[in-house]
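[1] just coords:
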């Protein structure tokens, strides 16, 4: 699984990356967490506000830091798909 | 399994071999029970303190908090006086005493106002996502679009760290360049933190003036940038991007009222948690000026007769980077000592709206010429506001 955190290095982006890492660890899922900081790459997902969370190429949240449970939900959802 | 397996027997008191072992086992058992009881208690407390999940429960909690808020707010002047005079033993007429009272009154007052308004704005903002704002602005004509963009800039959630994706996303969806700029100027400048602080420290008139002139600067500056036809001064790769499609936005789910109240509470925790230190520092500086700088001392350098103080204030404001929370208390103290309102408003707008870090961020998508025009037009608008208020106030 590939989890991408979109954001140009703001405080909230770091927080989101940490939440994602924790979610993956607690679920025991094998996942690669990538921070996407280049504007061009970020714009591919057509987000207007960062941080953004992308799981397996699908945008799950933008403009906020989702809670740990929410991120776990996204990961499980992507696993099931 | 009555003690036949030593592994099973270890933690319980069922098969004691000696009296000491029995006692120890008993103690361990008791500790376990105590711990479980304590955990259960902690959980009950946590449940009682946790915000209720349903809407009536939330509204009830909100109502209770509002009543406590209101009563506490009414008591603040008395508490500040009591703390300064009786607890600290300071004379209210002395310099130190008046500074301390100022600080003890203004800090909780401003923080309480901030918490209340940020909550309200947080709920309102749950209606205005950037995506929705973009839809509203796409394809709008210039003048009307500039006005709408500036107004939406005040209620759409915005953080300067996502200025670039927002800028690109707006252009991408066909929002005109000038209209996008109106939004980008208004969003940081006319925000709830600035307005609350101005209201709390300087009264509603100054707050309303700031809001109205801030919106006017954003509308006019955006309009002028649009008229100047600066589109080709956006970085080339951005223009290439614009040819692409604007599909693939995330699905928008409608929020329930309980979720909107949650959003408000979240915003309060988030924003007040972030700016409280700025507020305290700003008020501390303001309190120092309040107590120690003599009345009228600033009249000669920041008064209305010193016309050059307005451009000086704007220029001084550019390299200074602070949010509204830190700058308003200082502005308050400056005004008190004879600085002119126009000069001070111009200073504040310049500090908040024009900053070098912002220029660095925007440089990623704008060519230097457009950045220069942006600073020039917005700076010019702020200058005008300053002169206007010094002339009529």
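    Looks like it arrived, so ask away. In this text, all values refer to a predicted model and were calculated from it rather than measured experimentally. Residues are numbered from 1 along each chain as shown, chains lettered A, B, ... in the order given.

[2] where's the residue nearest to the spatial centre of chain B relative to chain A, distance?
    For chain B, the residue nearest the mean C-alpha position is residue B:193 (4.7 Å; CA atoms, centre = their mean). For residue B:193, the distance to chain A (CB to the nearest CB, to the nearest Å) stands at 17 Å. Using the backbone N, CA and C atoms, a C-beta is placed for each residue, glycine as well.

[3] Tell me the confidence at that residue?
    Looking at residue B:193, its pLDDT is 84.

[4] right, is the helix ranked longest in chain A up against chain B?
    Using DSSP state H to define each element, chain A has its longest helix at helix A:11-27. Yes. Using CB under 8 Å from any CB of the partner chain, we find that helix A:11-27 touches chain B at A:11-13.

[5] Run through the helices of the stretch 51-200 of chain B in chain order.
    For the stretch 51-200 of chain B, the helices defined by DSSP state H, counting those that start in this stretch cover B:55-82, B:95-125, B:130-137, B:142-155, B:163-172, B:177-189, B:192-202.

[6] Of all the ones you listed, which one is nearest residue B:311?
    helix B:177-189 (18.5 Å; CB to CB).

[7] and the angle from that closest one to helix B:142-155?
    20 degrees (axes from the mean of the first three to the mean of the last three CA atoms, to 10 degrees).

[8] name the helices or strands packed onto the helix or strand containing residue B:389?
    Element membership for residue B:389 (DSSP states H and E) is helix B:368-392. Contacts defined by 3 or more CB pairs under 8 Å, 6 or more residues apart in numbering or on different chains; DSSP states H and E place helix B:368-392 against helix B:204-227, helix B:309-317, helix B:341-353, helix B:356-362.

[9] What residues of the last one count as buried?
    The neighbour-count criterion (16 or more other CB atoms under 10 Å in any protein chain shown) identifies B:358-359, B:361-362 as the buried residues of helix B:356-362.

[10] show me the contacts for residue A:73.
    For residue A:73, the contact set (CB atoms under 8 Å, 6 or more residues apart in numbering or on different chains) is empty.

[11] what mean pLDDT would you report for the host helix or strand of it?
    Element membership for residue A:73 (DSSP H and E) is helix A:68-80. Helix A:68-80 shows a mean pLDDT of 86.

[12] from the helices of the stretch 51-200 of chain B, which stretch is densest packed?
    Counting by mean count of other CB atoms under 10 Å in any protein chain shown, helix B:177-189 has the highest mean neighbour count of the helices of the stretch 51-200 of chain B, with a mean of 27.

[13] Report all helices and strands that the biggest helix by length in chain B contacts.
    Assignment by DSSP H gives helix B:257-292 as the longest helix of chain B. Helix B:257-292 sits against helix B:55-82, helix B:95-125, helix B:192-202, helix B:324-336, with contacts defined as 3+ CB pairs under 8 Å, 6+ apart.

[14] In CSV, list these along with distance to residue A:61.
    Conversion of the helices and strands packed on helix B:257-292 to CSV gives the following (distance: least, CB to CB, whole Å):
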stretch, distance to residue A:61
helix B:55-82, 23
helix B:95-125, 16
helix B:192-202, 24
helix B:324-336, 27
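
[15] low-confidence ranges in chain B?
    Filtered on pLDDT under 70, chain B yields the residue ranges B:1-17, B:45-53, B:241-253, B:321-323.

[16] How is it divided into domains?
    B:6-49, B:130-392 (automatic domain parsing).

[17] Now the terminal residues of the longest one, how far apart.
    In this case it means domain B:130-392. In domain B:130-392, first residue to last residue: 37 Å (CA to CA, to the nearest Å).

[18] how far is that domain from where the chain is centred?
    12 Å (CA atoms, centre = their mean, to the nearest Å).

[19] quick one on the thing from earlier: using a markdown table, lay out the helices of the stretch 51-200 of chain B together with distance to residue B:37.
    Shown next, in a markdown table, are those (distance: least, CB to CB, whole Å):
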| stretch | distance to residue B:37 |
| --- | --- |
| helix B:55-82 | 27 |
| helix B:95-125 | 36 |
| helix B:130-137 | 49 |
| helix B:142-155 | 49 |
| helix B:163-172 | 52 |
| helix B:177-189 | 52 |
| helix B:192-202 | 45 |
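
[20] Which helix or strand contains residue A:59?
    Using DSSP H and E, residue A:59 sits within strand A:58-62.

[21] Give the pairing partners of that strand; include direction for each.
    strand A:52-55 (antiparallel) (DSSP bridges).

[22] Looks to me like residue B:319 is in a strand.
    No. Counting by DSSP: H, G, I helix; E, B strand; the rest coil, residue B:319 is not part of a strand but coil.

[23] That one and residue B:354 touch, don't they?
    No. With contact defined as CB atoms under 8 Å, residue B:319 does not count as touching residue B:354 (9.4 Å).

[24] quick one: secondary structure of residue A:50?
    Three-state assignment for residue A:50 (three-state DSSP): coil.

[25] just checking, it touches residue A:39?
    No. Checked against CB under 8 Å, the pair residue A:50 and residue A:39 is beyond contact range at 10.0 Å.

[26] Which one of those two is surrounded by more residues?
    More crowded of residue A:50 and residue A:39, by other CB atoms under 10 Å in any protein chain shown: residue A:50, with 27 against 19.

[27] give the contact list for the more buried one.
    Going by CB under 8 Å, 6+ apart, residue A:50 touches A:6-8, A:10, A:12-13, A:42, A:62-63, B:159, B:161-162, B:165.

[28] Could you list the buried residues of the strand holding residue A:59?
    So for strand A:58-62, counting by 16+ other CB under 10 Å, buried means A:59-62.

[29] what's in contact with that strand?
    A:6, A:45-54, A:66, A:70, A:74, A:78, B:248, B:250.

[30] ok, of those, which come out buried?
    The neighbour count (16+ other CB under 10 Å) marks A:6, A:45-54, A:66, A:70, A:74, A:78, B:250 as buried among the contacts of strand A:58-62.

[31] hmm, stretch A:74-81 touching chain B?
    No. Under the criterion of CB under 8 Å from any CB, chain B is not reached by stretch A:74-81; the shortest gap measures 11.8 Å.

[32] Which positions in that stretch come out as buried?
    Residues of stretch A:74-81 classed as buried under the neighbour-count rule (16+ other CB under 10 Å) are A:74-75, A:78.

[33] Turn those into JSON lines, including distance to residue B:85.
    Formatted as JSON lines, the buried residues of stretch A:74-81 follow (distance: CB to CB, whole Å):
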{"residue": "A:74", "distance to residue B:85": "57"}
{"residue": "A:75", "distance to residue B:85": "58"}
{"residue": "A:78", "distance to residue B:85": "63"}
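
[34] closest to chain B among the residues you listed?
    Among the buried residues of stretch A:74-81, residue A:74 lies closest to chain B (CB to the nearest CB), at 11.8 Å.

[35] wait, what's in contact with residue B:370?
    Residue B:370 touches B:225, B:230, B:233-234, counting by CB under 8 Å, 6+ apart.

[36] Filter those residues down to the buried ones, PyMOL style.
    The buried subset of these, as determined by 16+ other CB under 10 Å, is captured in PyMOL by this line:
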select buried, chain B and resi 225+230+233+234
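
[37] In helices only, show me the contacts of residue B:370.
    The helices, defined by DSSP H, take in residue B:225 from the contacts of residue B:370.
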